[in-house]
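> Just need the structure, nothing else, for what follows:
(one chain, ligands or ions: 1)
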Amino acid sequence: MALEDSYGAHNYHPLPVTVATAEGVWVTDTSGRRYLDCLAGYSALNFGHRHPALIAAATEQLGRVTLTSRAFHHDQLGPFCAELAALAGKDAVLPMNSGAEAVETALKLARRWGYLVKGVPDGQATIIVADGNFHGRTISIISFSGDTEAHDNCGPYTPGFRSVPYGDAAALEAAIDETTVAVLIEPVQGEAGVVVPPEGYLAAVRELCTKNQVLMMADEIQSGLGRAGATFASSRAGVVPDVYVLGKALGGGIMPLSAVVADRAVMDVITPGTHGSTFGGNPLAVAIGRAVIKLLEPGDLQEHALAMEQALRDRLEPLRAQGLVGLRVHGLWAGLDLDPALGTGRVLCEQLAEHGVLAKDTHGSTIRLSPPLVITTEELDWMTERLALSLKALAG
Ligand SMILES: *Cc1c(COP(=O)(O)O)cnc(C)c1O
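Numbering: from 1, shown residues only. All right, here's what the predicted structure looks like:
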């Protein structure tokens, strides 16, 4: 911790826990203390730490080849693209590394599609986003973020974005004009505190996009791959976007692996040289990605997450009497608002850590719980008991 503080950039403010090892839903710190991991790498660890099938896939690939660059073919990329396209019900996959890179890729894809297919005059494309969004922290992405910490003092900002209130289809409709090429939206806003839009909103977004020849781009980096109790939060809402943006859990918590998934008619505006990344689609990452897809194909993990939604809600609801003033549960994912009189989300997370549960505040007095999808009801009981004790400690 001291070395990090002395020599590392201070771009995070971690809880004072130093993880040494991990397995499944549990992590152990350097002094041998165990914690239940209810952050799960912001949903990058949907399958838990070191899932045997993912470690096996990684180990096998480490013994074969790890990097070729995209200057040559390798034998994992084709199958990965085919398998991910099938999982998403689309034609084509563009692999990248981090989530922010995949979002940047989607923005380029949308603008190119706007100019080359829709016929928007060059340089005039607009992309509509939602207030409260989190899509990453590159310059272009923070240009349309309301998060002042990531945004301020980083200008000049990238133009071409409009932000409208999340969950308000009428506001979206009013913002669309002939320059609009895409709507970029989180089907559930994770960093905002697991904010679930009103019933019918995503379907309305879909309809507006179709009607106005605008691409619906769903950022499912956090909501996708099982977290929302379905393969995608969009699919749970009965909606098929034009473009999926995936990341986090796609790399199994082992390698950074992100992807943009779309149909050919959209993806083919990307041609050789127009986009790329040295590590994007590397053999090690996509071999792990293939094992991730294999875990999702049967659908039982998604069903488990959906079944656990009620279990999670049943356990958290009674805690309203203990200082929770807001609660949103969607799949195996919860946003909790602590009564500000009891403290900040940070203070609650510090209490939780002392009681053996790792979680992270999103902002203000809000925390998020997103345990690995493999969590059992017994472990959920234990987490709830610890959360109740932490709230009691804050109430003093
Ligand atoms: C985490 C996240 C990102 C950014 O992913 P990174 O891998 O951190 O760059 C983008 N969108 C959403 C919805 C996210 O949760």
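> before we move on, which element is R162 in?
Assigned by DSSP states H and E, R162 belongs to strand 161-164.
> buried stuff in the helix or strand just after that strand?
For strand 161-164, the succeeding helix or strand toward the C-terminus, using DSSP H and E, is helix 169-175. Buried residues in helix 169-175, defined by neighbour count with 16 or more other Cβ atoms under 10 Å: 169, 172, 175. C-beta here means a position set from N, CA and C on the backbone, and glycine is covered the same way.
> Could I get the phi/psi values of the residue nearest to the first one when sequence neighbours are not counted?
Residue nearest to A169 in three dimensions, not counting chain neighbours: A204, with 3.8 Å by Cβ to Cβ, 6 or more residues apart in numbering. With angles defined as degrees, to the nearest 10, A204 sits at phi -70, psi -40.
> What residues of the biggest helix by length in the chain count as buried?
Counting residues, the longest helix found in the chain (DSSP state H) is helix 377-395. For helix 377-395, a neighbour-count test (16+ other Cβ under 10 Å) marks 379-380, 383-384, 386-391, 393-394 as buried.
> Could you do stretch 1-11 as well?
Applying 16+ other Cβ under 10 Å to stretch 1-11 flags no residue as buried.
> And stretch 278-291, by the same measure?
Quick answer for stretch 278-291 (16+ other Cβ under 10 Å): 279-291.
> and the helix or strand harbouring C81, C-alpha only, in CSV?
Here C81 sits within helix 77-88, counting by DSSP H and E. Taking C-alpha atoms only, helix 77-88 is exported to CSV below (Å, rounded to 0.1, in the frame of the first residue of the first chain):
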residue,chain,number,x,y,z
LEU,A,77,-10.0,-15.6,-33.7
GLY,A,78,-12.4,-17.1,-36.3
PRO,A,79,-14.1,-19.5,-33.9
PHE,A,80,-14.3,-16.7,-31.2
CYS,A,81,-16.0,-14.3,-33.7
ALA,A,82,-18.4,-17.0,-34.9
GLU,A,83,-19.3,-18.1,-31.4
LEU,A,84,-19.8,-14.6,-30.0
ALA,A,85,-21.8,-13.6,-33.0
ALA,A,86,-24.1,-16.6,-32.5
LEU,A,87,-24.5,-15.8,-28.8
ALA,A,88,-25.5,-12.2,-29.7
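> What average pLDDT does that helix get?
The pLDDT scores in helix 77-88 average 98.
> Check stretch 327-341 too.
According to the model, stretch 327-341 has a mean pLDDT of 98.
> follow-up on the earlier one: sheet-wise, list the partners of the strand holding R162 with their directions.
Neighbouring strands of strand 161-164 in its sheet, by DSSP bridges, are strand 126-130 (parallel).
> Tell me the pLDDT of the closest residue to I288 other than its chain neighbours.
Closest residue to I288 apart from its sequence neighbours, by Cβ to Cβ, 6+ apart: G252 at 4.7 Å. For G252, the model assigns a pLDDT of 98.
> G252 contacts A287, doesn't it?
No: if you go by Cβ atoms under 8 Å, G252 and A287 don't touch, sitting 9.9 Å apart.
> shared neighbours of the two, anything?
Applying Cβ atoms under 8 Å, 6 or more residues apart in numbering, one finds that G252 and A287 are jointly contacted by 57-58.
> Tell me the residues of the stretch 201-350 of the chain that contact the ligand?
219, 221-222, 247-248 (Cβ under 6 Å from any ligand atom).
> Do a quick rundown of the strands in the stretch 251-396 of the chain.
258-262, 324-329, 334-338, 357-358, 360-363, 366-369 (DSSP state E, counting those that start in this stretch).
> I'd like these laid out as TSV, including mean neighbour count.
Output for the strands of the stretch 251-396 of the chain, formatted as TSV (neighbours: other Cβ atoms under 10 Å):
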stretch	mean neighbour count
strand 258-262	28
strand 324-329	18
strand 334-338	24
strand 357-358	22
strand 360-363	19
strand 366-369	24
